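1. 3D model of this:
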Amino acid sequence: MSEKRTILVIEDEHAISNFICRALSASDYKPLAAASGKEGLSLFFSHGPDLVLLDLGLPDMDGLEVLSQLRGLPREVPVIIISARDRESEKVKALDMGADDYVVKPFGVSELLARIRTTLRRADRMKINEGIQRDVYQVKDLTVDIAKHQVLQGGEEIHFTQNEFKILELLAIHAGKVLTYDFILEHVWGPYGGSSNQILRVNMANIRRKLKENPSAPKYIYTELGIGYRMLED
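-> Purely as a prediction, here's the structure:
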């Protein structure tokens, strides 16, 4: 059974949010609900959704600011705007800023679900076109399969938390390069992860423990003291 796609709904009107989440659940998606821009960004960084439904009229910030922050990240996730703003200039601005689609309220659930399916299919095709070989990284007997969200060591699967996997994914994508502590913190936890390296050290210690790796004689991940981490390039 395939894993459910996670869809983040950033919408401050509870009735609309609940309506959308019920429709998503009924269509075998996993919904996450946020009532503000800050909460939405926090959920985005902690859960890594497959798609975002974004309202523009949020209580703490304009939805376009949320969109701008999402589009400033290396991992590009599809974003569909759901808004009562129906002027053409608003639609053009959002699309020019990187939104994948724009649905005007009020909308029918069938239309919204169809647009979600279309957007996800397009995103999947883009991943394939970018090169499926970049979904799998191998270092010695360690395999990081980004598409399957799976880590194998010597052919045996090792389970990691979501953030631990994000760290491994980031290091694998940039194998051979030193990634600074701040770079990893920003890309895994976002602006709400704080500036302390302690949370990163704890996660790295857990990763190494699960990989049975000795930090003083690493097989896969090297520590550049005072700078960051580097994964061995195969």
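2. low-confidence stretches in this protein?
-> In the predicted model, the chain carries pLDDT under 70 at residues 1-2, 126-134, 191-195, 234.
3. tell me, what residue is most central in it?
-> G48 (3.1 Å; Cα atoms, centre = their mean).
4. my guess is it contacts E169. True?
-> No: contact between G48 and E169 fails when scored by Cβ atoms under 8 Å: they sit 9.6 Å apart. Quick note: C-beta positions are derived from backbone N, CA and C, even for glycine.
5. show me how far the longest helix along the chain is from its chain's centre.
-> For the chain, the helix reaching the highest residue count under DSSP state H is reported as helix 109-131. Mean-position distance between helix 109-131 and its chain equals 16 Å (Cα atoms, centre = their mean, to the nearest Å).
6. can you show me the helices along this structure?
-> 14-26, 37-47, 63-71, 88-96, 109-131, 162-173, 181-189, 198-210.
7. now those as TSV including distance to K4 and mean neighbour count?
-> As requested, the helices of the chain are exported to TSV (distance: least, Cβ to Cβ, whole Å; neighbours: other Cβ atoms under 10 Å):
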stretch	distance to K4	mean neighbour count
helix 14-26	9	15
helix 37-47	12	20
helix 63-71	21	19
helix 88-96	27	13
helix 109-131	12	13
helix 162-173	15	20
helix 181-189	22	18
helix 198-210	25	15
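8. mind checking which of the ones you listed is nearest G228?
-> helix 181-189 (5.1 Å; Cβ to Cβ).
9. contact partners of the closest one?
-> 45-46, 73-75, 163, 166-167, 170, 193-195, 197, 199-200, 227-229 (Cβ atoms under 8 Å, 6 or more residues apart in numbering).
10. and if we set it to 7 Å?
-> Applying Cβ atoms under 7 Å, 6 or more residues apart in numbering, the contact partners of helix 181-189 are 45, 74, 163, 166-167, 170, 193, 197, 200, 228.
11. how far does it sit from its chain's centre?
-> Put simply, helix 181-189 sits 13 Å off its chain's centre (Cα atoms, centre = their mean).
12. check stretch 203-212 too.
-> On Cα atoms, centre = their mean, the centre of stretch 203-212 falls 22 Å from the chain's centre.
13. nearest spatial neighbour of P74, skipping sequence neighbours?
-> Leaving aside its chain neighbours, P74 sits nearest to H187 (6.4 Å; criterion: Cβ to Cβ, 6 or more residues apart in numbering).
14. now I81: closest residue in space, sequence neighbours ignored.
-> I81 sits nearest to Y102 (Cβ to Cβ, 6+ apart), 4.5 Å away.
15. does the one you found touch K93 like I think?
-> No: counting by Cβ atoms under 7 Å, Y102 stays clear of K93, with 9.8 Å between them.
16. tell me the two of the contacts of helix 181-189 that are most distant?
-> Farthest pair in those (Cβ to Cβ) is P74 and N197. Separation: 20.3 Å.
17. so the two - more neighbours on which side?
-> N197 (14 against 9; other Cβ atoms under 10 Å).
18. spit out the contact partners of that one.
-> Counting by Cβ under 7 Å, 6+ apart, N197 makes contact with Y181.
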